[in-house]
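K.L.:
Dropping a prediction and its sequence here:
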Amino acid sequence: MNALSPSLPLSGLRQDRPPIGGQWKLSPEDFVVEEIPAYEPCGEGEHLFLWIEKRDCSGEFLTRRISKALGVPPREIGMAGIKDRTAVTRQYISTPARYEDRVEEINNELIQVLAVKRHRNKLKTGHLRGNQFTLWVRGVDEQAMETAQALAPLIEQWGFPNYFGDQRFGNDQETLKLGLDLLRGVRTPRSIPPAKRRFLLRLALSAAQSHLFNLYLSERIAEQLLHTVLAGDVMEVVESGGLFIASDLEAEQARCTAGEIVVSGPLFGPKMKQAEAPSVEREDRLLRQNELTIEQFSLFKNLTAGARRPAVVRPTQLTVEQVGPDLRFEFALPKGVYATTLLREFVE
């Protein structure tokens, strides 16, 4: 597997060094993800936190399996985030504690419950710090380790573009197309089959927001503005996530260069913090080019409330090791950040 959004520009940190080559995700074991919880279960309460390992199956399949094995309604199952399908992943899933005596029935050849603890509340979406990754790139080129050793510290220092990954947009971008059609009024929610409507509606509209963010980010990179603070930009404080409008450009550029703050991009919606002039003109132009207005996002305001997303992410604990003809990458990323966007800095 090698498709990693080749149309989106890279950071440029690799300069004239060749890519490492090779192939990735040849098997689920080549892509290992372990959730970094926001907190550990306290050991008492009316909810079970199940530490689950799944192999080569989707989050939707995992939820269905738990629902069927325990007899629990899907709405009572809690999950902090959806993990990759073609991978080995470990994460917490919560269920009401009344199903504790049936937990072992979840286990099959793809899913194993590794540990069970009690907690006082249901696990909610976003209740994680991030994810720890171990990725293998198989059959790399001869100079791959030299490239990786030179590039890794630069990425730790400067970060990489925080693109949404291809998987966000569905097979042949069908999920994205649905989201854009919904916003433009070409289709309505009633055109989605009732059994899938709630799930697909949220997924498709999110894909449209993500696509626009990727376009915004690719434009800034093309203009060499990824690390440049412009008047009116919405800046994000790395440590706290706080947002503010750039005004003192000299001071804020110094903080950006030091990694204390980063430029943020738009996830359009009525509650998104707006940029100010002249930076806002870039975001307004992006909407016009895609035949959209900010008002169209208010039609689905419960699903497209809007937010800001950091344009740059710095991985932690990034290491690269050569094992025969292969390279093994290990690193941690904050929640919502795609490992594939980091990997493409090395392989493309």
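P.N.:
It's in.
K.L.:
Arg288: neighbour count?
P.N.:
9 (other C-beta atoms under 10 Å). (C-beta placed from N, C-alpha, C; glycine too.)
K.L.:
how far away is it from Gly12?
P.N.:
28 Å (C-beta to C-beta, to the nearest Å).
K.L.:
And Glu295, by the same measure?
P.N.:
36 Å.
K.L.:
With neighbour numbers in mind, choose between these two.
P.N.:
Comparing Glu295 with Gly12 by other C-beta under 10 Å, the one with more neighbours is Gly12, at 12 against 9.
K.L.:
can I assume that one sits in a helix?
P.N.:
No. Using DSSP: H, G, I helix; E, B strand; the rest coil, the assignment for Gly12 is coil, not a helix.
K.L.:
Could you pull up phi and psi at the nearest residue to Arg314 once chain neighbours are set aside?
P.N.:
Ranked by C-beta to C-beta, 6 or more residues apart in numbering and with sequence neighbours excluded, the top spatial neighbour of Arg314 is Gly159, at 4.1 Å. The phi and psi values for Gly159, taken as degrees, to the nearest 10, are phi 80, psi -180.
K.L.:
okay, now Gly159: neighbour count?
P.N.:
Gly159: 22 neighbours (other C-beta under 10 Å).
K.L.:
Just the pLDDT for it.
P.N.:
At Gly159, the model reports a pLDDT of 97.
K.L.:
Quick check: beta-bridge partners of Ile245?
P.N.:
Val234 (DSSP bridges).
K.L.:
for it, what are its contacts?
P.N.:
Gly232, Asp233, Val234, Met235, Ala275, Glu276 (C-beta atoms under 8 Å, 6 or more residues apart in numbering).
K.L.:
can we see that at 7 Å?
P.N.:
Gly232, Val234, Glu276 (C-beta atoms under 7 Å, 6 or more residues apart in numbering).
K.L.:
and if you look at Leu203?
P.N.:
Leu203 neighbours (C-beta under 7 Å, 6+ apart): Thr175.
K.L.:
Could you give the secondary structure assignment for it?
P.N.:
Leu203 is classified as helix under three-state DSSP.
K.L.:
Return the distance of it relative to Leu178.
P.N.:
From Leu203 over to Leu178 (counting by C-beta to C-beta), the distance is 8 Å.
K.L.:
Please apply the same query to Arg202.
P.N.:
On the measure of C-beta to C-beta, Arg202 and Leu178 end up 11 Å apart.
K.L.:
Next: Gly232.
P.N.:
Gly232 is 33 Å from Leu178, by C-beta to C-beta.
K.L.:
Ok, Val113 next?
P.N.:
34 Å.
K.L.:
can you pull out the helices in the stretch 1-150 of the chain?
P.N.:
Using DSSP state H, counting those that start in this stretch, the helices of the stretch 1-150 of the chain run over 59-70, 144-158.
K.L.:
Dump the ones you listed into a markdown table; add mean neighbour count as well.
P.N.:
What follows is those, written out as a markdown table (neighbours: other C-beta atoms under 10 Å):
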| stretch | mean neighbour count |
| --- | --- |
| helix 59-70 | 17 |
| helix 144-158 | 17 |
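K.L.:
Which of the ones you listed sits closest to Ser210?
P.N.:
Nearest to Ser210, of all those, is helix 59-70, at 17.0 Å by C-beta to C-beta.
K.L.:
give me every residue that touches the nearest residue to Pro73 once chain neighbours are set aside.
P.N.:
Beyond its immediate neighbours in the sequence, the residue positioned closest to Pro73 (C-beta to C-beta, 6+ apart) is Ser67, lying 6.9 Å away. By C-beta under 7 Å, 6+ apart, the residues touching Ser67 are Pro73, Pro74, Ile77.
K.L.:
Cys42 now?
P.N.:
Contacts of Cys42 by C-beta under 7 Å, 6+ apart are His119, Arg120.
K.L.:
Pro278 now?
P.N.:
Ala231, Gly232.
K.L.:
so how far is Arg285 from it?
P.N.:
Distance, Pro278 to Arg285, using C-beta to C-beta: 11 Å.
K.L.:
Gly185 too?
P.N.:
Noted for Gly185: a distance of 21 Å to Arg285, by C-beta to C-beta.
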